[in-house]
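**Q** Let me see the structure of the following:
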Amino acid sequence: MTILFFLGFWLICLCALWLWKKPLFIATWREPYFADTPVLIESDDWGPGGDFHAERLRQLLNMLAGHRDSVNRTAVLTADLVLAVPDIARIDAAADGQYFRRMLDKDFPVVYQALYQGMQQDTLVPQLHGLEHLNGKAFAELCQQQDPRLATARTTVDWWDWEKLDSPLQGHYVDGRHLPTVPILPDEANMIVSTAMHSFTAMFGYPSRSAVAPCYLWNDDIEQSWQRNDIIAIQTAGYRCTGRDQSGHYLQDPPIIRSGETNRFGQIYLVRNVMYEPVDGKNTANSAFAEAKTAYRQALPISISTHRYNYTRAAEQCRQSIDGLDRLLQEITTNLPNVRFLASPELGEALQAHHGIVNHFNGKQWPPLKHADSHRKIGAFLYRLYYRHRKLALLGYCSGLILPAWLICKTSHKRH
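**A** Here you go, the predicted model:
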């Protein structure tokens, strides 16, 4: 009788939950669920820099080459590339505030060759970050005005270190000279994106099929410009920021993006869900592996965010960052079954069409990703509801539904 009581009670609870959250349940169930867990290593801001950046990159890629996935592919870095920096000498010499660039391939050949070598060795896949990591037009006007925020840049020979600029000035698709920021006009967006795509293809032999916006600042106009230039996937941090307000706070619209969602232009959103930024002192290998396990339970891609600065500051910081990432990848490949190393454009293509994985930059091919069967999907579905929606989790505990849900999740992992 006790068992029948609980079964009846749980059935009533499930019916009530279905009536209350039907659209949420349907939307969550329709998301992609993976039996082969994609593991992405997303690293922003590679591009123009000192020659020592090339050596640091080689150290990082050599470490990645020591890790293999379930189909014997090495770990691969999705290098989110900045293609140019301001040519300050020419900007200062121009009386009309015209903007000039120094390009990655022509003006920073040592770094470019290291990137290209990694691409050929299948430890690096390039992805468009931006033509610059700043607003070129605004930068030129600030130079003409001798703005003190550019003092270091204007007095440094062969300057490339945009990461030292004031944060609002690092936005690419907004004008951050003053707060609140102002988005660039659609015509300007089209010109910048088309120039970037032409330059990217000339440098690496194939267009970028995915992109991530500098400072996560972009809007519908940028997405449309990307779509016109055959960008099919957009890498995010789980939200989109359209600008910064008067106080500098980011304006999120939409505030929540799920991996695999599509926008109105048919582009697929990808979501970073594992933070490994050890130089910041908090996103360590241990915390990153905990986040990786959470993603795995939900049959989500494991998308690791790790910026260039972790590897290009002090030599000891670089060594520690590489060692930590080495440990993280070892934990993932040892403890999580059926992992697959992928780059962002490859995952975007896999979500668009279920065919084999192709690295278009070197021609290598790998088997298609396997999606979760029904039993694994049910367990992962329940985990997604548990981790994302606190009210549902609380109701699960209060009603006792957490017990059968936990049993389903555990058996789905054992079968997997």
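**Q** Low-confidence regions, the stretch 301-416 of the chain specifically.
**A** 413-416 (pLDDT under 70).
**Q** meant to ask about the stretch 1-150 of the chain
**A** Using pLDDT under 70, the stretch 1-150 of the chain drops low at 1-10.
**Q** And the strands in it, which stretches?
**A** Assigned by DSSP state E, counting those that start in this stretch, the stretch 1-150 of the chain shows strands spanning 37-46, 77-82, 84-86, 101-103, 124-130.
**Q** Redo these as CSV? Include mean neighbour count.
**A** The way it works is simple: take the backbone N, C-alpha and C, and place the C-beta from them, glycine included. Shown next, in CSV, are those (neighbours: other Cβ atoms under 10 Å):
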stretch, mean neighbour count
strand 37-46, 25
strand 77-82, 26
strand 84-86, 26
strand 101-103, 19
strand 124-130, 27
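**Q** Quick check: bridge partners of residue 39?
**A** Beta-bridge partners recorded for residue 39 (DSSP bridges): residue 302, residue 341.
**Q** wait, isn't it in contact with residue 340?
**A** Yes: contact criterion Cβ atoms under 8 Å: residue 39 and residue 340 qualify, at 6.6 Å.
**Q** overlap in contacts of those two?
**A** Common contacts of residue 39 and residue 340 (Cβ atoms under 8 Å, 6 or more residues apart in numbering): residue 69.
**Q** can you map out the helices along the stretch 151-300 of the chain?
**A** Secondary structure of the stretch 151-300 of the chain by DSSP state H, counting those that start in this stretch: the helices cover 151-154, 186-204, 220-228, 285-297.
**Q** Which of those has the lowest mean pLDDT?
**A** The minimum mean pLDDT among these belongs to helix 151-154 (a mean of 94).
**Q** could I have that one exported to PDB, CA atoms only?
**A** Output of helix 151-154 as PDB, limited to C-alpha atoms (Å, rounded to 0.1, in the frame of the first residue of the first chain):
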ATOM      1  CA  ALA A 151      49.700  57.000 -23.900                       C
ATOM      2  CA  THR A 152      51.400  53.700 -23.500                       C
ATOM      3  CA  ALA A 153      50.300  52.400 -26.900                       C
ATOM      4  CA  ARG A 154      51.500  55.600 -28.600                       C
END
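**Q** Name the residues of that helix that come out as buried.
**A** Residues of helix 151-154 classed as buried by neighbour count (16 or more other Cβ atoms under 10 Å): 153-154.
**Q** Could you name the helices and strands sitting against it?
**A** Where contact means 3 or more Cβ pairs under 8 Å, 6 or more residues apart in numbering; DSSP states H and E, helix 151-154 is packed against helix 88-93.
**Q** Quick check: bridge partners of the residue nearest the centre of the chain?
**A** Residue closest to the mean C-alpha point of the chain, counted by Cα atoms, centre = their mean, is residue 235 at 4.3 Å. Per DSSP bridges, residues listed as beta-bridge partners of residue 235: residue 270.
**Q** From what I see, it and residue 42 are in contact.
**A** Yes: between residue 235 and residue 42 there is a contact at 6.2 Å, judged by Cβ under 8 Å.
**Q** Which residues are in contact with each of those two?
**A** 78, 80, 212, 272, 303, 344.
**Q** quick one, what contacts the fourth one?
**A** Under the criterion of Cβ under 8 Å, 6+ apart, the neighbours of residue 272 are 42, 235-238, 303-305.
**Q** out of these, who's nearest residue 335?
**A** Comparing the contacts of residue 272 against residue 335 with Cβ to Cβ places residue 304 closest, at 15.2 Å.
**Q** I'd say that closest one and residue 40 touch.
**A** Yes: between residue 304 and residue 40 there is a contact under Cβ under 8 Å: 6.5 Å.
**Q** Just give the number of residues close to residue 73.
**A** 19 (other Cβ atoms under 10 Å).
**Q** Check the gap between the residue nearest to it when sequence neighbours are not counted and residue 331 for me.
**A** Excluding the flanking residues, the one nearest residue 73 by Cβ to Cβ, 6 or more residues apart in numbering is residue 341, at 5.2 Å. Residue 341 is 14 Å from residue 331, where distance means Cβ to Cβ, to the nearest Å.
**Q** neighbour-wise, which of these two wins?
**A** More crowded of residue 341 and residue 331, by other Cβ under 10 Å: residue 341, with 27 against 17.
**Q** what's that one in contact with, if anything?
**A** 38-41, 67, 69, 73-76.
**Q** and what of residue 71?
**A** Going by Cβ under 8 Å, 6+ apart, residue 71 touches 340, 366-367.
**Q** backbone phi and psi for it, please?
**A** Phi and psi for residue 71, reported as degrees, to the nearest 10, are phi -110, psi 20.
**Q** got the residue ranges for the strands in the stretch 301-416 of the chain?
**A** Under DSSP E, counting those that start in this stretch, the stretch 301-416 of the chain gives strands at 302-305, 339-341, 357-358, 365-366.
**Q** what would these look like in CSV with distance to residue 278?
**A** Listed next are the strands of the stretch 301-416 of the chain as CSV, based on distance: least, Cβ to Cβ, whole Å:
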stretch, distance to residue 278
strand 302-305, 12
strand 339-341, 21
strand 357-358, 29
strand 365-366, 29
